[in-house]
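Enquirer: sequence first, then the predicted structure:
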Amino acid sequence: MKKIGIFGGTFDPIHYGHLYVGENARIVCDLEKVIFVPSYKPPHKQNKIITSDFLRYNMCILATKDNNSFSVSDIEIKKQGISYTYNTLKLLKKSNENNDYYFIMGADMFADFPKWYKASKILEEFKIIVFPRNGYNIHKIKQESFYMDYKDKIELLDLTTVNVSGTDLRNQLKSGYSAKYLIPDTVLEYIKAKNIYRG
């Protein structure tokens, strides 16, 4: 059975922090590959303006193309509607029953995870990998009552925190600053060519 990591998010834009997490999740958890899944409409961002799915998907393709262990799926974009993690994981599992799926999330999502759509079902049927974010203690969160029955379904990555956010990068680019060394050059070239994030 192959172990596959699923890294969902808006990726608006994808940056080196995402790639760093994906690569470490692959190595530490012995994953066959990591699939980046740009969302169509995340439930927690319904009232926010998000860059078009087509542009975000292409940025993910450009960012991951030099790593043979990375790939990008448009499963949520094709499906459209609100992107619920449980539904996406079920669809992926249905397409390949022989794979064991691990959903990769940040500590901020981990703290809020009990409120997610079918959170218990996700942990009953799949596994999750959690990476640190500033201001959150992933080991303490794992001790909360909700997680008591799912200890063996949760992998924690004790990584150096990379404090880079899509919001900060968008604002920086709109203000005319460079995001070189934070975003892959191929993605920056695409952002410039398509005039994304310009004020």
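Expert: Nice, thanks for sending it over.

Enquirer: so how far is stretch 25-42 off the chain centroid?
Expert: Centroid separation between stretch 25-42 and its chain, computed with C-alpha atoms, centre = their mean, to the nearest Å, is 7 Å.

Enquirer: output that stretch as CSV, nothing but the C-alphas.
Expert: Extracted C-alpha coordinates of stretch 25-42, given in CSV (Å, rounded to 0.1, in the frame of the first residue of the first chain):
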residue,chain,number,x,y,z
ALA,A,25,6.4,15.4,5.3
ARG,A,26,7.5,13.1,2.4
ILE,A,27,10.8,12.3,4.1
VAL,A,28,9.7,12.0,7.7
CYS,A,29,6.5,10.1,7.1
ASP,A,30,8.0,8.0,4.3
LEU,A,31,5.4,9.1,1.7
GLU,A,32,5.5,7.8,-1.9
LYS,A,33,4.5,11.3,-3.1
VAL,A,34,2.8,14.5,-2.1
ILE,A,35,-0.1,15.8,-4.1
PHE,A,36,-0.9,19.5,-3.9
VAL,A,37,-4.6,20.2,-4.2
PRO,A,38,-5.5,23.8,-4.8
SER,A,39,-9.0,24.4,-3.4
TYR,A,40,-11.9,25.9,-5.4
LYS,A,41,-13.7,27.6,-2.5
PRO,A,42,-12.5,26.8,1.0
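
Enquirer: buried set for it?
Expert: For stretch 25-42, burial by neighbour count (16 or more other C-beta atoms under 10 Å) applies to 25-26, 29, 31, 33-42. The way it works is simple: take the backbone N, C-alpha and C, and place the C-beta from them, glycine included.

Enquirer: need the residues you listed in JSON lines with pLDDT and distance to Phe110, can you?
Expert: As requested, the buried residues of stretch 25-42 are exported to JSON lines (pLDDT from 0 to 100; distance: C-beta to C-beta, whole Å):
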{"residue": "Ala25", "pLDDT": "98", "distance to Phe110": "14"}
{"residue": "Arg26", "pLDDT": "98", "distance to Phe110": "19"}
{"residue": "Cys29", "pLDDT": "98", "distance to Phe110": "15"}
{"residue": "Leu31", "pLDDT": "98", "distance to Phe110": "18"}
{"residue": "Lys33", "pLDDT": "97", "distance to Phe110": "22"}
{"residue": "Val34", "pLDDT": "98", "distance to Phe110": "18"}
{"residue": "Ile35", "pLDDT": "98", "distance to Phe110": "20"}
{"residue": "Phe36", "pLDDT": "98", "distance to Phe110": "19"}
{"residue": "Val37", "pLDDT": "97", "distance to Phe110": "18"}
{"residue": "Pro38", "pLDDT": "96", "distance to Phe110": "20"}
{"residue": "Ser39", "pLDDT": "93", "distance to Phe110": "17"}
{"residue": "Tyr40", "pLDDT": "87", "distance to Phe110": "22"}
{"residue": "Lys41", "pLDDT": "74", "distance to Phe110": "22"}
{"residue": "Pro42", "pLDDT": "63", "distance to Phe110": "16"}
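
Enquirer: okay, and which of those residues map to strands?
Expert: 33-38 (DSSP state E).

Enquirer: and these, which is closest to Val130?
Expert: Nearest to Val130 among those is Val34, at 14.7 Å by C-beta to C-beta.
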